[in-house]
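>>> Here is a sequence together with a model predicted from it:
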Amino acid sequence: MSNPKTFPCAEVALRSASAGATARMPRKTWVLVAAVLGSTMAFVDESVVNVALPRIENDLHASLAAMQWVVNAYTLFMSALLLTGGATADRFGRRLIFLIGTAVFAVASIGCGLAPTIHVLLVARALQGAGAALLVPCSLALIAAAYDDKERGAAIGVWSGASAIAAGAAPLIGGWLVDHSTWRSIFLINPLIAVAALWITIIRVPESRDPAAPRTLDWPGAILAFLGLACLVYGLTASADLGLGHLMVLGPILASAALFLAFLRTERISAEPMMPLELFHSTRFSGVNLLTLLLYGALGGAFFFLPFLLIQADGFSATAAGAVYLPFTVILGVLSRWAGRMGDRFGARWPLIVGPTLTAVGLAVLPVSASYAAILTSMTVLGFGMAITVAPLTTTVFDSVPASRTGIASGINNAVASTGALLLIALLGSVSSGMFDRSLERQLTEARASAPVRDAVLLARNGFVVPPLPKNLSDQERRVARSIVVSSLTGTVRTAVWIAALLALAGGVSAALTIRPKEREPSKESF
């Protein structure tokens, strides 16, 4: 679940985009409206789909691995293309690329909503991610071009607040639609928003470019990064069914290692790299990105599994499952500004230690109780932890690099956040799938289940939902079968979320080791 407040450094990406742009004051309000509509679609779609995953798995007769790809296909394309999307906008025109991104996103959303099979849905989700990689950085850059320095902060606040509210309300609204209509409706709302965004952009938004933008784009770097991530995620996901020793698992993982080495070499020799490696000479910059990878990976992994626990195991409706995110979002939105002031006053080191640690506590206690009040309390703790973390994390990214490199540093940090969620969903999904199947077998043996019960329970293998039970089972056999599946599901999700909690805690430890108070990097001036 991402939004402008949980997506690190999103606001500050505006700074570099504003270079050389001329404000168009009469049209600035329309620019802001179009930017909010466009970015809201992308943020909402990233957060709302989680509550629909159990229903999608049931309706399309899919597996847990397929549900991982419903999330990861979107995140993979957005993560790998995000930096290229921003550079393309500066080079060819922010309005043009925003229009293309919005149109691609709308068409892909229709494909998601009408998808007859899981394979069509996955292709459409990938196209959504590509569209989001274009429209999200463009929405920020359009605001930067329309507002001068004195008004830009207020415009950012409106963009951030509106997008955060929409992204926070999305799971609740999406859950209600899943309960009272169909999961397809959460995608079919997007074209309506896109039509408004496209009309306003065509009629009211002026074109802008960055005269200093590179004349060439780092397409080799973008392609290598995409292929490396795709191979790694595929290998991790496939290992759940095939095992780590299988050629179709080892092959993609080894290929990803080779591709990442080629990516590093390409970035080192490129005249205009999408990821300048010299930025990582800064211990603070490397440390804060490691923290981002661990923390946002933990958050993405936990939020992927949470709806399965709430809806399938605990029996909550999709609406109720969506509502549990509200404390997290509200606290994050309300307290982030305060946390930023505290970070400015006392430094970023302690907030980046305390925040992830508190986040880890919220994650650790999240799956312990099926009580709705207890889950809301856990989400509240989680919200406090992230609120303490986000603004100081952003500040640390900028303080770690020269002022002229803040834009690219922001983009790298955003991509790292998405990559963390992408990789952890793949890794935890693989681990959890095997754990779930083994738990089913163990409990069947312990219960000395009859053959009909065993056959019914094994229908749940390779999935993560309680399957429809055969009608020929007696009431007692139904209770036994359901109990075994629910118990296995609950135990598996709890373990996955506890692993996520440990990773969040590791993020706090990494901050303690790499981020020193008021430290200046000796090599910073030589970048």
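Received it, and whenever you're ready, just let me know what you need. Numbering: from 1, shown residues only.

>>> what residues are up against the closest residue to residue 492 other than its chain neighbours?
Among residues not flanking residue 492 along the chain, residue 436 sits closest, at 4.4 Å (Cβ to Cβ, 6 or more residues apart in numbering). From N, CA and C alone the C-beta is placed, and that goes for glycine too. Applying Cβ atoms under 8 Å, 6 or more residues apart in numbering to residue 436 gives the contacts 64, 460-461, 464, 488-489, 492.

>>> how near is residue 436 to residue 419?
25 Å (Cβ to Cβ, to the nearest Å).

>>> before we move on, what SS does residue 187 have?
helix (DSSP: H, G, I helix; E, B strand; the rest coil).

>>> Just give me the neighbour total for it.
Residues near residue 187, counting by other Cβ atoms under 10 Å, number 26.

>>> and what of the one 10 residues further on?
Burial measure for residue 197: 28 neighbouring residues, criterion other Cβ under 10 Å.

>>> so who does it touch?
Contacts of residue 197 (Cβ under 8 Å, 6+ apart): 34, 37-38, 41, 102.

>>> which pair in the residues you listed spans the largest distance?
By the measure Cβ to Cβ, 34 and 41 form the most distant pair in the contacts of residue 197, at 11.4 Å.

>>> Going by secondary structure, residue 383 is in what exactly?
Assigned by DSSP states H and E, residue 383 belongs to helix 372-399.

>>> helices or strands up against that helix?
Other helices and strands packing on helix 372-399, by 3 or more Cβ pairs under 8 Å, 6 or more residues apart in numbering; DSSP states H and E, are helix 283-307, helix 326-346, helix 349-365, helix 406-447.

>>> wait, doesn't residue 250 sit right on residue 235?
Yes: counting by Cβ atoms under 8 Å, residue 235 is a contact partner of residue 250 at 7.4 Å.

>>> Where does residue 182 sit: helix, strand or coil?
Under three-state DSSP, residue 182 comes out as coil.

>>> ok, how many other residues are close to residue 74?
If we define neighbours as other Cβ under 10 Å, then residue 74 has 28 of them.

>>> Likewise for residue 246?
13.

>>> What distance do you get for it to residue 73?
22 Å.

>>> who touches residue 461 in this structure?
436-437, 440.

>>> If we use 6 Å, what do you get?
Neighbouring residues of residue 461 by Cβ atoms under 6 Å, 6 or more residues apart in numbering: residue 437.

>>> Run the chain-centre distance for the helix or strand where residue 171 lies.
Using DSSP H and E, residue 171 sits within helix 149-180. Put simply, helix 149-180 sits 15 Å off its chain's centre (Cα atoms, centre = their mean, to the nearest Å).

>>> repeat for stretch 318-329
17 Å.

>>> Quote the end-to-end distance of it.
End-to-end distance of stretch 318-329 (Cα to Cα, to the nearest Å): 18 Å.

>>> If we only consider the contacts of residue 436, which is nearest to residue 298?
Out of the contacts of residue 436, the member with the shortest distance to residue 298 (by Cβ to Cβ) is residue 492, at 16.9 Å.

>>> measure that closest one to residue 433 for me?
9 Å.

>>> These two - which one has more neighbours?
residue 492 (27 against 23).

>>> you'd agree that one is up against residue 434?
No: using Cβ atoms under 6 Å, residue 492 is not in contact with residue 434; the gap is 9.4 Å.

>>> Least confident of the helices and strands packed on helix 372-399, on average?
Taking each of these in turn, the lowest mean pLDDT turns up on helix 326-346, with a mean of 76.

>>> That one packs against which elements?
helix 372-399 (3 or more Cβ pairs under 6 Å, 6 or more residues apart in numbering; DSSP states H and E).

>>> ok, now with 7 Å
helix 149-180, helix 349-365, helix 372-399 (3 or more Cβ pairs under 7 Å, 6 or more residues apart in numbering; DSSP states H and E).

>>> Check the average confidence over the helix or strand containing residue 509, would you?
Secondary structure from DSSP H and E places residue 509 in helix 475-514. Helix 475-514 carries an average pLDDT of 92.

>>> Against which helices or strands is that helix packed?
Helix 475-514 packs on helix 283-307, helix 349-365, helix 406-447, helix 451-457, going by 3+ Cβ pairs under 7 Å, 6+ apart.

>>> how far does the shortest one sit from the chain's center?
Here the centre of mass of C-alpha atoms in helix 451-457, compared against the chain's by Cα atoms, centre = their mean, lies 37 Å away.

>>> do the second one as well
Its chain's C-alpha centre lies 19 Å from the corresponding centre of helix 349-365 when counted by Cα atoms, centre = their mean.
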